[in-house]
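A.B. asks: requesting a structural model of the entry that follows:
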Amino acid sequence: MTLYGQSFTVLTEEDPRELESLARELDALLSSIASRSGVGDATRVALLACLHLADENRRTRARLSGLGELLAGVES
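C.D. replies: Numbers count the residues shown, from 1 in each chain. As a prediction, the model looks like this:
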């Protein structure tokens, strides 16, 4: 797989197509961040992508928590 112009060999016990799909999504995110931020250094772009994904993860967990609380109220 290739991420931000760098090739990686990754072994997985899961479906390799899933890994390739994730790699394409991540590569698109890295390219988008690089073009919007003007940052070209791969390490900085990767760190910005990590921050973006961490924020997205936090927001998703908060939404799921809210849904869990809503469901708990409905079940009562």
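A.B. asks: hey, let's count contacts and neighbours off CA atoms from now on
C.D. replies: Will do.
A.B. asks: for Leu64, give me its contacts.
C.D. replies: With Cα atoms under 8 Å, 6 or more residues apart in numbering as the criterion, no residue contacts Leu64.
A.B. asks: ranges for the strands of this protein?
C.D. replies: With DSSP state E, the ranges of strands along the chain come out as 2-3, 6-7.
A.B. asks: ok, longest helix in this protein?
C.D. replies: Looking across the chain with DSSP state H, the single longest helix is helix 42-75.
A.B. asks: just the local confidence number for the residue most central in space within the chain, please.
C.D. replies: Closest residue to the average C-alpha location of the chain: Leu53 at 4.6 Å, with Cα atoms, centre = their mean. pLDDT, Leu53: 98.
A.B. asks: what's the closest of the strands of the chain to Glu18?
C.D. replies: Closest approach to Glu18 among those is made by strand 2-3 (14.2 Å; Cα to Cα).
A.B. asks: and the closest one, how far out from the chain's middle?
C.D. replies: Distance of strand 2-3 from the chain centroid (Cα atoms, centre = their mean, to the nearest Å) equals 14 Å.
A.B. asks: what is that strand packed up against?
C.D. replies: helix 16-37 (3 or more Cα pairs under 8 Å, 6 or more residues apart in numbering; DSSP states H and E).
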